[in-house]
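Colleague: need a structure here:
(2 chains)
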Amino acid sequence: MCSRPAGPYLCSRSIHCNQHQPTMSKEITSRADDYSQWYIDLVRKAGLADYSAVKGCMVIKPYGFSIWENMRDTLDKMFKDTGHTNAYFPLFIPKSFLSKEAAHVEGFAKECAVVTHYRLKNADDGSGVVVDPEAKLEEELIVRPTSETIIWNTYRDWIQSYRDLPLLINQWANVVRWEMRTRLFLRTAEFLWQEGHTAHATREEAIEETRKMLDVYATFAEEWMAMPVIKGVKTPNERFAGAEDTYCIEALMQDGKALQAGTSHFLGQNFAKAFDVKFSTNDNQLDYVWATSWGVSTRLMGALVMAHSDDEGLIIPPKLAPIHVVIVPIPKPLPELDEAATSIATELRARGIRVKIDTDDQNRPGYKFAEYEKIGIPVRLGLGARDLANGTIEVARRDNKTKESVPLAGLADHVEALLADIQRSMFERAKTYRDQHITSVDSWDEFVRVLDEQGGFVAAHWDGTTETEVAIKEATKATIRCIPLDNPQEDGVCVMTGKPSSQRVLFARAY
RNA sequence: CGGGGCGUAGCGCAGCCCGGUUAGCGCGUCUGCUUUGGGAGCAGAAGGUCGCGAGUUCGAAUCCCGCCGCCCCGACCA
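Modeller: Alright, predicted model coming up:
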């Protein structure tokens, strides 16, 4: 394994410490050739994740996990800042719990992994181990697809009085949904996420919480991921199983498909009633509590990739990049280079900038440049004898592939400003693309044409019925992504049925 | 569950149709030398239950039968 001194997260021996085998970005399929394959190539070859020995499950590799850690740590702080605390509930849920809320069981029944036995034994024919039929569980256990049931069963014991409210809890966990078809990060059988579960004394307060956490997600998506999102509410058909209202943030990927990046649910009293969670009000009445739940998952990793990256590799916004700056000494045998690189790194680190010095002397600079572009490090500093002589350094930014020579004096200020500029311009670029791909249409022909030729969001009138929504989906594969919050009211007629409508909703083909 | 593809060295592949020396090639790895401002060159070396099982044959990576696994497209769902 690598033994040389390493920068944060990655060793200097090789960019991929875990395999010593950087693959060439030449091998990344271009977006134009096959967007889907581009995504898969990128995820695997930039060291984010890989397929595992288990069908439908992925291995999140060290570099990918370090990005997720940055997401997780940022969100965790945001949750704490809004009054939430973390807790942990069991992976296993008694089967009977899941059936207590009718819509909920309906929504998840088809994709649950079930534990039926608790012991293996050696096969009689010596062929290996088999499930011991003697060890059948009295009550089967479901591997959580989400934790509402086990949590509300617990909340019943935690909540007696209005003084116990609000109860604001989050959990970081893995969940399992037995998907028929999977894609790295976007839909895997097991994934990592956080799920917030809160209890409130009033309907209004719970709705406020639902909206507040949606805002947290939107802020995170836009300010950290540099990914513009549309906040909205789901139609009844797209609503979370067991919710009264599902709010969401919807993002647009570079191929024109939408991606739901986070959801926040107002659960009403559905789970309180299902699990009998009542509290004494301050005027001594008994009432069911009001609930919310909200979550984002490792799916955000997929969103991050598809929102920004290019044919050369990943482009990661500075705020989430495991390494902000890589210094590549152009290795003439020159001790002053190492000294200069170290002193630059020290100066940058003093400002909280995450810096790696590439001390590897095996690979040539050109190779390194390509590798760092592939893994999306926002800023690369090239430092050679020529620079030392001139008192300059080459500064290359990943997002727009520009290079400039800047004076070493004042470099830290320059880099700090540059990182901020990259963060901002990545957002602007994505937002421009997104805004150019919201199209208002008023006829069915136009609706279909825009979906096929431009993609993106299509703002169209809809008669408000699930039947029409489903028919449109069957005809075009487009779904209603959301009804934007504060959506302007406007009279019109449904794009499919011609029935009256009071507002446009956003359709798109989606991940 | 349908349709398609794949399984041969760490990775990516050729060989299979038409059975026959010691199973090749590229990348990577190791050693040495020369290199180093956009993916280095030369020389040498290591590395293989050809997915698994059974069969046909003098002989199977190759043909037959069975099985397993993974990926992609669709159905389901986000």
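Colleague: helices and strands around the host helix or strand of A:Ser36, which ones?
Modeller: Using DSSP states H and E, A:Ser36 sits in helix A:35-45. Using 3 or more Cβ pairs under 8 Å, 6 or more residues apart in numbering; DSSP states H and E, the elements in contact with helix A:35-45 are strand A:49-51, helix A:299-308. Heads up, the C-betas are built off the backbone N, CA and C, glycines and all.
Colleague: could those go into CSV alongside distance to RNA strand B?
Modeller: As requested, these are exported to CSV (distance: least, Cβ to the nearest atom of the strand, whole Å):
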stretch, distance to RNA strand B
strand A:49-51, 5
helix A:299-308, 7
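Colleague: how about the strands in the stretch 51-200 of chain A?
Modeller: Using DSSP state E, counting those that start in this stretch, the strands of the stretch 51-200 of chain A run over residues A:58-60, A:85-86, A:92-94, A:114-117, A:120-122, A:129-131, A:136-143, A:167-176, A:190-200.
Colleague: how far does the fifth one sit from its chain's centre?
Modeller: Going back to what we said before, that points to strand A:120-122. With Cα atoms, centre = their mean, to the nearest Å as the basis, the distance from the averaged C-alpha position of strand A:120-122 to the chain average is 40 Å.
Colleague: any chance you could list what contacts it?
Modeller: A:128-132 (Cβ atoms under 8 Å, 6 or more residues apart in numbering).
Colleague: just the closest of the residues you listed to A:Pro94, please.
Modeller: Nearest to A:Pro94 out of the contacts of strand A:120-122 is A:Val131 (Cβ to Cβ; 20.0 Å).
Colleague: name the nearest residue to the closest one, ignoring sequence neighbours.
Modeller: A:His117 (4.9 Å; Cβ to Cβ, 6 or more residues apart in numbering).
Colleague: just A:Trp224 next, same as before
Modeller: Nearest to A:Trp224 is A:Lys319, by Cβ to Cβ, 6+ apart, at 4.7 Å.
Colleague: now swap in A:Phe97 and tell me
Modeller: A:Thr149 (3.9 Å).
Colleague: same deal with A:Glu134?
Modeller: A:Arg119 (7.5 Å).
Colleague: OK, contacts around that neighbour?
Modeller: A:131-132, A:134-135.
Colleague: pLDDT-wise, what's the bottom of those?
Modeller: On pLDDT alone, A:Val131 ranks lowest of the contacts of A:Arg119, at 85.
Colleague: just give me the lowest mean pLDDT stretch among the helices and strands packed on helix A:35-45.
Modeller: Comparing mean pLDDT over these, the weakest stretch is strand A:49-51, at a mean of 88.
Colleague: in the stretch 151-300 of chain A, where is pLDDT below threshold?
Modeller: Along the stretch 151-300 of chain A, segments meeting pLDDT under 70 are nowhere present.
Colleague: flag every residue of it that's near RNA strand B.
Modeller: Within the stretch 151-300 of chain A, the residues that sit near RNA strand B (Cβ under 7 Å from any atom of the strand) are A:177, A:179-183, A:186-187, A:238, A:241, A:260, A:263, A:299.
Colleague: in ChimeraX, how would I select the buried members of the residues you listed?
Modeller: Buried residues within those, by 16 or more other Cβ atoms under 10 Å, are selected in ChimeraX with:
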select /A:177,182,183,186,187,238,241,260,263,299
